[in-house]
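# return atomic coordinates for the entry below.
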Amino acid sequence: MENLHYAYVLIFIGLCAIGVNFGFKLQFSKKIKLFLLTDSLILVIYLIWDFWAVSKGSWFFDSKQILGIMLLGKLPIEEVLFFIIVPLMTVLTYLALTKLTGWGNKESRDLL
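As a prediction, this is how the structure comes out:
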């Protein structure tokens with residue numbers, strides 16, 4: 001059961017992302033191409049960094065807390081999902097806050 005800890009956190013964040021998207025009616029599906037393009041750059045950079053750190057011995061993943069599905073023999077699948085799900089939640093949170101506060105609309109720009 002311990003091996004699901006990382007996956008549980010990612011599932012929780014993913015469910016929150018879905019809730020924020022629908023709760024605030026963000027229509028994120030219209031922006032998915034831009035997100036995937038941007039996130040793919042983040043994904044490549046950080047996965048290379050993670051792979052390097054794990055190979056060097058500076059970083060490791062507790063085998064008791066991951067599923068055991070490894071990419072390139074060193075990175076757990078949860079780490080790849082982390083770099084997709086967490087940026088997604090960050091973008092959705094930003095979009096929800098801009099909608100909630102009115103930041104970015106013409107009236108708020110005129111106040112500045």
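# list the residues that contact the residue nearest the centre of the chain.
Nearest to the mean C-alpha position of the chain, by C-alpha atoms, centre = their mean, lies Val86 at 2.1 Å. Contacts here follow C-beta atoms under 8 Å, 6 or more residues apart in numbering; on that basis Val86 touches Ile13. C-beta here means a position set from N, CA and C on the backbone, and glycine is covered the same way.
# you'd agree Leu67 is in a strand?
No - applying DSSP: H, G, I helix; E, B strand; the rest coil, one finds Leu67 to be coil, outside a strand.
# correct me, but it touches Val80?
No - with contact defined as C-beta atoms under 8 Å, Leu67 does not count as touching Val80 (11.5 Å).
# mind checking which of the two has more residues around it?
Using other C-beta atoms under 10 Å, the more surrounded residue of Leu67 and Val80 is Val80, with 16 against 13.
# and stretch 25-34, how far out from the chain's middle?
15 Å (C-alpha atoms, centre = their mean, to the nearest Å).
# need the CA coordinates for it. PDB is fine.
C-alpha atoms of stretch 25-34 as PDB (Å, rounded to 0.1, in the frame of the first residue of the first chain):
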ATOM      1  CA  LYS A  25     -16.100  27.000 -15.900                       C
ATOM      2  CA  LEU A  26     -12.600  27.700 -17.300                       C
ATOM      3  CA  GLN A  27     -13.100  25.800 -20.500                       C
ATOM      4  CA  PHE A  28      -9.500  24.600 -20.300                       C
ATOM      5  CA  SER A  29     -10.000  22.200 -23.200                       C
ATOM      6  CA  LYS A  30      -9.800  25.200 -25.500                       C
ATOM      7  CA  LYS A  31      -6.300  26.000 -24.200                       C
ATOM      8  CA  ILE A  32      -4.900  22.400 -24.000                       C
ATOM      9  CA  LYS A  33      -2.700  22.600 -27.100                       C
ATOM     10  CA  LEU A  34      -0.900  25.700 -25.700                       C
END
